[in-house]
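Chemist: mind folding the following:
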Amino acid sequence: MRKFNIRKVLDGLTAGSSSASQQPQPQQHTPGSREPEVQETLQSEHFQLCKTVRHGFPYQPSALAFDPVQKILAVGTQTGALRLFGRPGVECYCQHDSGAAVIQLQFLINEGALVSALADDTLHLWNLRQKRPAILHSLKFCRERVTFCHLPFQSKWLYVGTERGNIHIVNVESFTLSGYVIMWNKAIELSSKSHPGPIVHISDNPMDEGKLLIGFESGTVVLWDLKSKKGDYRYTYDEAIHSVAWHHEGKQFICSHSDGTLTIWNVRSPTKPVQTITPHGKQLKDGKKPEPCKPILKVEFKTSRSGEPFIILSGGLSYDTVGRRPCLTVMHGKSTAVLEMDYSIVDFLTLCETPYANDFQEPYAVVVLLEKDLVLIDLAQNGYPIFENPYPLSIHESPVTCCEYFADCPVDLIPALYSVGARQKRQGYSKKEWPINGGNWGLGAQSYPEIIITGHADGSIKFWDASAITLQVLYKLKTAKVFEKSRNKDDKPSTDIVDEDPYAIQIISWCPESRMLCIAGVSAHVIIYRFSKQEVIIEVIPMLEVRLLYEINDVESPEGEQAPPLSTPVGAVSPQPIPPQSHPSTSSSSSDGLRDNVPCLKVKNSPLKQSPGYQAELVIQLVWVGGEPPQQITSLAVNSSYGLVVFGNCNGIAIVDYLQKAVLLNLGTIELYGSNDPYRREPRSPRKSRQPSGAGLCDINEGTVVPEDRCKSPTSGSSSPHNSDDEQKMNNFIEKVKTKSRKFSKMVASDIAKMSRKLSLPTDLKPDLDVKDNSFSRSRSSSVTSIDKESREAISALHFCETFTRKADSSPSPCLWVGTTLGTVLVIALNLPPGGEQRLLQPVIVSPSGTILRLKGGILRMAFLDTTGCLVPPAYESWREHNVSEEKDEKEKLKKKRPVSVSPSSSQEISENQYAVICSEKQAKVISLPTQNCAYKQNITETSFVLRGDIVALSNSICLACFCANGHIMTFSLPSLRPLLDVYYLPLTNMRIARTFCFTNNGQALYLVSPTEIQRLTYSQETCENLQEMLGELFTPVETPEAPNRGFFKGLFGGGAQSLDREELFGESSSGKASRSLAQHIPGPGGIEGVKGAASGVVGELARARLALDERGQKLGDLEERTTAMLSSADSFSKHAHEMMLKYKDKKWYQF
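Modeler: Residues are numbered from 1 along each chain as shown. Now for the predicted structure:
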């Protein structure tokens, strides 16, 4: 895991050309007024980037292992990832640097270590005794391909089988090769005339460690005597072998074969198997062999004291079961249970009570690793029910299409969502507790609630509790419930924009305080939801249809519940209540027989039961126009205080009052500008047909756009004239072109729709993101003077707020800020009636204010700060239960008076200035309000573009966080836009990252790193420092169970397990050294050298303890040498003394 540590980035500087652009410009102020200085507290040392945790199902799994004493499960993947699972909440992600597929995993049982074998023929030893596991040693085989590994329990010698059929032996302590090698030709001798194929199995006899069972792919099995270095028995079968398993008594073993058969062999009878079983083969009469079946990929043979043994296998189905799902077969005595799985089986393991192979196994569960799921089957209960999986592995149940992340939510939210979600739980799970329960939880230093919301391709939305680096599903909402489902394939709704996943979620707008939820789907539909703890049944689902047009000359009267024609003043509407039969017929068409005024989906017209949780308040759908499908929605916002929802696409914008169920504003993007349009919008060349746009299908066949001088003001009393002869001719010509191009359009539409759905972004990014940025940022640069319809100006950002609408305003008022893909920000004023009954009776009046601001690149995000630099949140209404009786409702209203706004600005008596923070794909600006002067500007990137920008809270302050397509993560102070962090994190390799990357408060961020996994990261120095304490411990000291008792008679007559002195056999003294060219030893970063730099916390302590032990060992060694030296000097002194004594023994004293 790489850590990025950015030491002080000099204030006011960024890489390259951006340094010159960050200039607090002196503004033109009115005399006597000065731009107030805001005290900024955030510095570059508050920021550091590192990955925290990865949640979800391991993408493309390839290997599985289990430690039966520690109760830890390991999963390896095809991309070299390693995921370790303990008790719910204890998870760990590691990555092999090479990225090669993991082909096998072997735990050193109860040792806190794991061996991984990779497809690039390397073996790695992982140390699991630290919170972030690290590689201690690696061994790279140079001349042979590794195919199978086996590590006997409580042994330090690892058997490694190769593609050539040889077996090498590795000392797992030093990770060096032994000189002892079992060569394939020696193993098979004359039993086969050809090469037996790669090694597919190695295991030692449970009762005799000196006997090794070697399975070759071709069907040959050899029982090898390690001491005498020769084969005792050789067993041959016509069919290829996939796996082998021992009976615990060591007298029989079972093989699974490629023709769907199992063969059971007696160890001492190598001529033919004792029994041949075809579990799924049809038994033919006349004693003929059963029909061949699919290969049995794996078999396990587990015994039980109290009953018959279990034979568990995967695969082996007969070939005539076409379309049948993958199965796991459990054979127990005379009963055979076939358990169907949702996905293909990668591997499975039987969980047993004992780690000893020579004892009754007592199997209690089977863990099955599927291609996209992990299933645990309870073997002890009748019917083999599955355990309820407590890990967050269902993120990808339906593909994730968008996600949002909220840190520091209201504290009552998670319990509320959990209580409604608890009722959705399935029944029929095993009653036992989840058996994988190793490790210990970390100490969660962070106490604030975090929620992740994921939108999915099937229209479902999941709420997840993401507090303290864990993940747990809280509640699931199915948005497709409000629509009629097509009964069969022929009955496909002809109005669909897309062939598949018509309900897919594209945008989520959520207000945590009021619990209002709004979603936009791929079929140009918007649904508004309220949260309720009561169940309700609604007779008719309230719905509106909106006809968003790009053509200015098309000023028809809108349908039923829409706003009046634009010739009346905008927003001065008496909203009509929806008639009960508000569902339009889907057969309406325009005069020329083209589909018109039809939504893409049909809303249910039968009563709908809505369970506690999120309940549909209103469904809004964009309709087809003149045979063209509606464009996908590119931006969405909801405000609970105003009772409004707003959405836009590449045609225009619509504001809906969801309390009165009325459309307040329905304008083309050009009409928003009024007479202030800075662009010269020319008619298209008629030859061009519809083109794809990343944000949806832009129908390029629609009519002309009038030049700037003919644009009518949206607030004007009458529509602009369209009577000129030239224009009439042009319109006639375009109508002809339209009809000709429609056939082509329809063919292209479905392909484009699929592409746009998969690649959709809140802005209209083009699908081929791999090409250089210039190809599509050109069309959106602020210097464009003439707009092609391919780069039609879409609504890309929406923000409700209470601020200064115009320069002359003396006090803030409710308004909506609208950002477009061409870098324009427009302001719409909102005139709200008083609260209570009046709010439901009087209309909300909305009108463009004329305020226009310009930035370079499409607008991504907007926010507002007060004079002290604090964030001014949008107004909201606190949540209250709506589905209550009138009396209760009155009492509730008296208790809680509805706040019009909770933004600080409204409570201030004297009107103070505000700052608008606007982030685009290229730059950020801070605008002083109400003067609308640019106070600060920062060019974020010249060569790339910003994918995601968020204004977030960190360390009691506010900053702007950006993720660029070139892989950089940057943060800027507010309001001065000083660069604080700029780290190259990861390049934009696919649209999934672009679609799902999001920042939130307290230095948290996430993105979908694979189709099944969420990667969380932090850009906060404080979180990086506390991460070590927050992570769980994988290894916990546990006593190894006692070995099985041999019994008196077995001990007396030698019938028990035979041990083997492997050290004597494989050590250098007896077997010599292995060839140096065979394998290369690579010390890992987790060794003594790597640990010296370990961080503080438990790992640091362990590292220091290990270093101390190492030093102590060295000192003890030195002491031993010194003791030896002292002994030898004492010995020589003794000799000298003895000689002196003999010399002077007989002399008298006077003879000296």
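
Chemist: so which residues of the stretch 351-500 of the chain form strands?
Modeler: 363-370, 374-378, 400-407, 450-456, 460-465, 472-478 (DSSP state E, counting those that start in this stretch).

Chemist: what's the most buried one of those strands?
Modeler: Neighbour counts (mean count of other CB atoms under 10 Å) averaged over each of those peak at strand 450-456, with a mean of 25. Using the backbone N, CA and C atoms, a C-beta is placed for each residue, glycine as well.

Chemist: show me what it is packed up against.
Modeler: Contact partners of strand 450-456 among helices and strands, from 3 or more CB pairs under 8 Å, 6 or more residues apart in numbering; DSSP states H and E: strand 400-407, helix 413-421, strand 460-465, strand 505-511.

Chemist: for those, give me CSV that also has mean pLDDT and distance to residue 343.
Modeler: Listed next are the helices and strands packed on strand 450-456 as CSV, based on pLDDT from 0 to 100; distance: least, CB to CB, whole Å:
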stretch, mean pLDDT, distance to residue 343
strand 400-407, 95, 17
helix 413-421, 94, 25
strand 460-465, 96, 19
strand 505-511, 96, 23
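
Chemist: can I assume residue 242 is in contact with residue 259?
Modeler: No: applying CB atoms under 8 Å, one finds residue 242 not in contact with residue 259, separated by 10.5 Å.

Chemist: quick check: neighbours shared by those two?
Modeler: Common neighbours of residue 242 and residue 259, using CB atoms under 8 Å, 6 or more residues apart in numbering, are residue 295.

Chemist: neighbour-wise, which of the two wins?
Modeler: Taking neighbours as other CB atoms under 10 Å, residue 242 and residue 259 compare with residue 242 leading, 22 against 19.

Chemist: quick one: residues contacting the more buried one.
Modeler: 200, 256, 257, 258, 295, 296, 297, 298, 315.

Chemist: before we move on, what about residue 226?
Modeler: Contacts of residue 226 (CB under 8 Å, 6+ apart): 209, 210, 211, 212, 1060, 1065.

Chemist: so which elements touch the helix or strand hosting the fourth one?
Modeler: By that I understand residue 212. Taking DSSP states H and E as the definition, residue 212 sits inside strand 208-216. When contacts are defined as 3+ CB pairs under 8 Å, 6+ apart, strand 208-216 sits against helix 184-188, strand 199-205, strand 220-225, strand 241-246.

Chemist: go through these and name the closest to residue 168.
Modeler: strand 199-205 (10.3 Å; CB to CB).

Chemist: direction included, what does that closest one pair against?
Modeler: strand 208-216 (antiparallel) (DSSP bridges).

Chemist: list the contacts of the strand it pairs with.
Modeler: 152, 155, 159, 161, 165, 167, 182, 184, 187-188, 196-205, 221-227, 232, 241, 243-244, 246, 250, 253, 255, 1057-1060, 1062.

Chemist: mind saving the C-alpha coords of it as CSV?
Modeler: Coordinates of each C-alpha in strand 208-216 appear next as CSV, following Å, rounded to 0.1, in the frame of the first residue of the first chain:
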residue,chain,number,x,y,z
ASP,A,208,2.1,-41.4,7.6
GLU,A,209,3.9,-38.1,6.9
GLY,A,210,6.6,-40.0,5.1
LYS,A,211,4.2,-41.0,2.3
LEU,A,212,3.3,-38.3,-0.3
LEU,A,213,0.4,-38.7,-2.7
ILE,A,214,1.2,-37.1,-6.1
GLY,A,215,-1.6,-36.6,-8.7
PHE,A,216,-0.6,-36.0,-12.3
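
Chemist: how distant is it from the center of its chain?
Modeler: 43 Å (CA atoms, centre = their mean, to the nearest Å).

Chemist: so who does the spatially most central residue of the chain touch?
Modeler: Centrality entry for the chain: nearest residue to the mean C-alpha point is residue 1014, 2.2 Å, by CA atoms, centre = their mean. Residue 1014 makes contacts with 54, 55, 56, 395, 403, 452, 471, 1006, 1007, 1008, as judged by CB under 8 Å, 6+ apart.

Chemist: at 10 Å what do you get?
Modeler: Counting by CB atoms under 10 Å, 6 or more residues apart in numbering, residue 1014 touches 53-56, 392, 395-396, 400, 403, 405, 452, 454, 464, 466, 471, 996, 1006-1008.

Chemist: ditto for residue 197
Modeler: 147, 163-165, 184, 215-220, 240-241.

Chemist: then residue 280?
Modeler: 260, 290-291, 293-294, 296, 313, 315-319, 321, 327, 329, 336, 338.

Chemist: ok so, going back, the residue nearest to the centre of the chain falls within a strand, correct?
Modeler: Yes: assessed with DSSP: H, G, I helix; E, B strand; the rest coil, residue 1014 lies in a strand.

Chemist: now it: closest residue in space that isn't a chain neighbour?
Modeler: Once flanking residues are discounted, residue 1014 sits nearest to residue 55: 4.7 Å by CB to CB, 6 or more residues apart in numbering.

Chemist: okay, now that neighbour: neighbour count?
Modeler: 24.

Chemist: do residue 98 as well
Modeler: Neighbour number of residue 98 under other CB under 10 Å is 14.

Chemist: contacts only, for the closest residue to it other than its chain neighbours.
Modeler: In this structure, residue 98 finds its nearest non-sequential neighbour in residue 120, 5.6 Å apart by CB to CB, 6+ apart. By CB under 10 Å, 6+ apart, the contact set of residue 120 is 80, 96, 98, 99, 100, 101, 103, 140, 141, 145, 146.

Chemist: can you list phi and psi of residue 120 for me?
Modeler: Note on residue 120: its backbone torsions stand at phi -90, psi 20 [degrees, to the nearest 10].

Chemist: show the model's pLDDT score for it.
Modeler: As predicted, residue 120 sits at a pLDDT of 96.

Chemist: can you pull out the helices in the stretch 801-950 of the chain?
Modeler: 837-841, 886-895, 904-907 (DSSP state H, counting those that start in this stretch).

Chemist: quick one: distance of the first one to the chain centre.
Modeler: Put simply, helix 837-841 sits 44 Å off its chain's centre (CA atoms, centre = their mean).

Chemist: quick one: buried residues of that helix?
Modeler: residue 839 (16 or more other CB atoms under 10 Å).

Chemist: and that helix, what does it pack onto?
Modeler: Judged by 3 or more CB pairs under 10 Å, 6 or more residues apart in numbering; DSSP states H and E, helix 837-841 is in contact with no other helix or strand.
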